[in-house]
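*Asks:* what's the 3D shape of this:
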Amino acid sequence: MSEKRKKKIKPLTEKDLMKIEIARELGLWEQIEKHGWESMSNAACGRIGGIMSKRLKERKQGEE
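*Replies:* Prediction:
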């Protein structure tokens, strides 16, 4: 017998919200909503991660 385990829903972090915002800007959010993050290509994930890194770096420099 297999039981389905309920996924615990964690609150979104600031980085999660940024990732979603960037995905929307790149026009990738619909695909993510329909098929999940695992459906993304490595290139698309890299683009999102690269933009996130750039924004985080800019934000950190602005604080200094």
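
*Asks:* ok, now which ones touch the residue nearest in space to the middle of the chain?
*Replies:* Nearest residue to the geometric centre of the chain (Cα atoms, centre = their mean): residue 19, 3.3 Å. With contacts defined as Cβ atoms under 8 Å, 6 or more residues apart in numbering, residue 19 is in contact with 48, 52. Using the backbone N, CA and C atoms, a C-beta is placed for each residue, glycine as well.

*Asks:* at 10 Å instead, please
*Replies:* 12, 13, 32, 37, 45, 48, 49, 51, 52 (Cβ atoms under 10 Å, 6 or more residues apart in numbering).

*Asks:* taking the residues you listed one by one, which sit in helices?
*Replies:* Under the assignment DSSP state H, the contacts of residue 19 contribute 32, 45, 48, 49, 51, 52 to helices.

*Asks:* as CSV, these with neighbour count and distance to residue 8 would be great.
*Replies:* Below are these laid out as CSV (neighbours: other Cβ atoms under 10 Å; distance: Cβ to Cβ, whole Å):
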residue, neighbour count, distance to residue 8
32, 18, 20
45, 15, 24
48, 22, 24
49, 12, 25
51, 17, 29
52, 15, 24
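
*Asks:* low-confidence ranges, this structure, go.
*Replies:* Applying pLDDT under 70 to the chain flags residues 1-6.

*Asks:* could you pull out the strands for it?
*Replies:* Counting by DSSP state E, the chain yields no residue ranges for strands.

*Asks:* ok, the nearest residue to residue 23 once chain neighbours are set aside to residue 60 distance?
*Replies:* Closest residue to residue 23 apart from its sequence neighbours, by Cβ to Cβ, 6 or more residues apart in numbering: residue 29 at 4.7 Å. Look at residue 29 and residue 60: by Cβ to Cβ, to the nearest Å, they are 26 Å apart.

*Asks:* which residues does residue 37 contact?
*Replies:* Residues near residue 37 by Cβ under 10 Å, 6+ apart: 19, 23, 28, 31, 44, 45, 48.
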